[in-house]
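Novice: Build me a structure from this.
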Amino acid sequence: MAYLELNDVTFAYPNGFTAIEHVSMSFELGEAVAIIGQNGAGKTTTVKLMNGLLKPTQGTVTVDGEPTEGRSTASIAAKVGYVFQNPNDQIFQDSVRKEIAYGLVKRAGRNADRAAIDAKVRDAAEWCGLTDELDTHPYDLPFSMRKFVTIAATMVMDPQVLILDEPTAGQDRTGTERLGRLIEHVRGQGRTVITITHDMEFVAREFRRGIVMANKHMLMDAPVADIFWNDEVLAQANLQRPYIAQLAETRGLRGVLTIDDLLARDAQAFAGAPGASVPSAAEA
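Specialist: Alright, predicted model coming up:
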């Protein structure tokens, strides 16, 4: 059985609006999965169902073998951590250190081992680029760094599944590269990262599996290379290929996603050209 599973899930809000219909997907531990699609596709509703912020109107959501129905959000969130798109919806402490440590202190209660908690806080801060900001008020940090504060505060709790909602929004290249390293670190620990994003370049670089949603349904669950070269699915979901893939397509090269892919295809074409040879160091 998969660690996290949605089986024929439909969700309607109290006002009667149906956000997703008959959605089924599953996740094993140790995966990194991107969920993509335009606004209104149902992505955020889907991930909020995964960690108990919402409960299905129809169908079942199962976490670690147990349905979420009847369980508290807190008990589910201990296994499936969710980082909000807007860090201001999550931050409430007056220092980065306190914000990251809050969940650990609350969970430990009177038996809190402050040395152990401090060590975990420092480790999470290092991964999130916050080592020099532990005594800073979170709202004195730029938006991009506040996002890392909420990521650190969630990952320090060691959930088996970490959900990131639009983590690259407001990030520069340094921030997106840090996110890539962090995702690989968490996945390397045998945990799963599920990311909602509109950043197709980020998806192409950091993920192997993708899920496409559109019009309240799941359209495709496949390797991202297959998704980005499926013209019909891209059209239905109103998505574009990553820029490198678009460039490659103008040259008649399909299947390319990253600059490394493009360079490899060029090298293959050069090697196969009549009379082609790799120049010597002196010639170069």
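
Novice: And residue 140, how far from residue 176?
Specialist: For residue 140, the distance to residue 176 equals 23 Å [Cβ to Cβ, to the nearest Å]. (C-beta placed from N, C-alpha, C; glycine too.)

Novice: contacts for the helix or strand where residue 107 lies?
Specialist: Here residue 107 sits within helix 96-108, counting by DSSP states H and E. Contacts to helix 96-108, defined as Cβ atoms under 8 Å, 6 or more residues apart in numbering, come from residues 91-93, 112, 117-118, 120-121, 124-125, 130, 133-138, 141, 149-150, 152-154, 156-157.

Novice: taking those one by one, which sit in helices?
Specialist: 117, 118, 120, 121, 124, 125, 149, 150, 152, 153, 154 (DSSP state H).

Novice: and those residues as TSV, adding neighbour count and pLDDT?
Specialist: Shown next, in TSV, are the ones in helices among the contacts of helix 96-108 (neighbours: other Cβ atoms under 10 Å; pLDDT from 0 to 100):
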residue	neighbour count	pLDDT
117	18	95
118	14	96
120	18	96
121	24	97
124	24	97
125	21	98
149	27	98
150	26	98
152	26	98
153	27	98
154	22	97
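
Novice: Between which two of these is the distance greatest?
Specialist: 118 and 150 (19.3 Å; Cβ to Cβ).

Novice: Okay, domains of this structure per the record?
Specialist: Split into domains by the TED database, the chain comes to 4-90+159-240, 241-272.

Novice: which of these is buried the deepest?
Specialist: Each of the domains of the chain was scored by mean neighbour count; the highest is domain 4-90+159-240, a mean of 18, by mean count of other Cβ atoms under 10 Å.

Novice: gap between the two ends of that domain?
Specialist: This stretch, domain 4-90+159-240, spans 29 Å end to end (Cα to Cα, to the nearest Å).

Novice: contacting residues for the residue nearest the centre of the chain?
Specialist: Most central in the chain under Cα atoms, centre = their mean is residue 195, positioned 1.9 Å from the mean C-alpha point. Neighbour list for residue 195: 32, 33, 34, 35, 163, 164, 165, 167, 183, 207 [criterion: Cβ under 8 Å, 6+ apart].

Novice: Quickly list what it is bridged to.
Specialist: When bridges are called by DSSP bridges, residue 195 pairs up with residue 34, residue 164.

Novice: the helices in the stretch 151-284 of the chain, which residues?
Specialist: Assigned by DSSP state H, counting those that start in this stretch, the helices in the stretch 151-284 of the chain fall at 173-188, 200-206, 224-228, 231-237, 243-250, 259-272.

Novice: hey, C-alpha coordinates of the last one in CSV?
Specialist: The C-alpha atoms that make up helix 259-272 are tabulated as CSV, following Å, rounded to 0.1, in the frame of the first residue of the first chain:
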residue,chain,number,x,y,z
ILE,A,259,20.3,22.8,-21.1
ASP,A,260,22.2,19.6,-20.3
ASP,A,261,19.8,17.6,-22.5
LEU,A,262,20.3,20.1,-25.3
LEU,A,263,24.1,20.0,-25.1
ALA,A,264,24.0,16.2,-25.1
ARG,A,265,21.9,16.2,-28.3
ASP,A,266,24.2,18.7,-29.9
ALA,A,267,27.2,16.6,-29.0
GLN,A,268,25.5,13.5,-30.5
ALA,A,269,24.7,15.4,-33.7
PHE,A,270,28.2,16.7,-34.0
ALA,A,271,29.7,13.2,-33.4
GLY,A,272,27.5,11.8,-36.1
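
Novice: same for that helix, what does it pack against?
Specialist: Judged by 3 or more Cβ pairs under 8 Å, 6 or more residues apart in numbering; DSSP states H and E, the packing partners of helix 259-272 are helix 243-250.

Novice: quick one: contacts of the helix it packs on?
Specialist: In contact with helix 243-250 (Cβ under 8 Å, 6+ apart) are residues 201, 204, 228-229, 240-241, 254, 256-259, 261-262, 265.

Novice: if you set the cut-off to 10 Å instead, what comes out?
Specialist: 200-201, 204-205, 225, 228-229, 240-242, 253-262, 265-266 (Cβ atoms under 10 Å, 6 or more residues apart in numbering).

Novice: Next: stretch 170-179.
Specialist: Contacts of stretch 170-179 (Cβ under 10 Å, 6+ apart): 87, 127-129, 142-148, 151, 164, 167-169, 193, 195, 197, 199, 201-202, 205-206.
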